[in-house]
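**Student:** Sequence below, structure please.
(one chain, ligands or ions: 1)
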Amino acid sequence: PVIHVLNGPNLNLLGVREPEIYGRDTLADIEQRCAKAAGEAQIVFRQSNHEGVLVDWIQEAREGADALIINPAAYSHTSVALHDALKTLSIPVIELHLSNPAAREAFRHHSYVSSAATGVIAGFGAHGYELAVQAALTKVRERA
Ligand code: DQA
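**Tutor:** Okay, the predicted model is just below:
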């Protein structure tokens with residue numbers, strides 16, 4: 001299987017950005033964790049600060065991806081465009097957050113992405129990416 005892992009704005013700064021909230025792993029560390037958790041499966045791991053680029057990548061997943069994991073970061077709370085793009089997919093979609101947005105500021109409590117996702121993993125830090133890869137592989141196997 002091929003699993004696409006998309007990361008939204010400011011996640012390029014992981015490791016130095018509010019480490020008390022987001023942890024000390026860099027995005028490169030997290031990519032390695034995903035590759036390990038994936039075993040034989042292939043991980044396509046990408047990050048962009050730009051909403052439209054993320055929309056393009058979601059559309060790309062329509063061909064060739066067996067599951068999509070997305071940490072939409074701040075766009076979770078603002079982006080109808082990401083919601084609409086995700087709705088075009090027929091593969092499992094996992095929304096992922098390092099922190100637990102429900103336990104933070106009120107403006108993080110709503111996600112436009114959740115209603116277009118198969119499931120949500122939040123609050124487990126970098127380990128959440130490994131959990132998401134496992135969940136994606138389980139869903140893919142269930143569908144096979
Ligand atoms: C985040 C949570 C979002 O609210 C925030 O805007 C982020 C990261 C997380 O992984 O915890 O940038 O998606």
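
**Student:** Leaving out sequence neighbours, find the closest residue to Ala122.
**Tutor:** His97 (4.0 Å; CB to CB, 6 or more residues apart in numbering). Quick note: C-beta positions are derived from backbone N, CA and C, even for glycine.

**Student:** Now do the contacts for the one you found.
**Tutor:** Residues in contact with His97 (CB atoms under 8 Å, 6 or more residues apart in numbering) are Asn71, Ser76, Val120, Ile121, Ala122, Gly123, Gly128.

**Student:** swap in Glu51?
**Tutor:** Tyr75, Ser79, Ala81, Leu82.

**Student:** Tell me the one among these nearest to the ligand.
**Tutor:** Comparing these against the ligand with CB to the nearest ligand atom places Tyr75 closest, at 8.0 Å.

**Student:** could you pull out the strands for the protein?
**Tutor:** Remark: strands assigned in the chain by DSSP state E are 2-7, 42-47, 67-71, 93-97, 119-122.

**Student:** now those as a markdown table including distance to Val16 and mean pLDDT?
**Tutor:** Output for the strands of the chain, formatted as a markdown table (distance: least, CB to CB, whole Å; pLDDT from 0 to 100):
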| stretch | distance to Val16 | mean pLDDT |
| --- | --- | --- |
| strand 2-7 | 15 | 98 |
| strand 42-47 | 14 | 98 |
| strand 67-71 | 17 | 98 |
| strand 93-97 | 18 | 98 |
| strand 119-122 | 22 | 98 |
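
**Student:** Go through the ones you listed and pick out the most buried.
**Tutor:** strand 67-71 (a mean of 26; mean count of other CB atoms under 10 Å).
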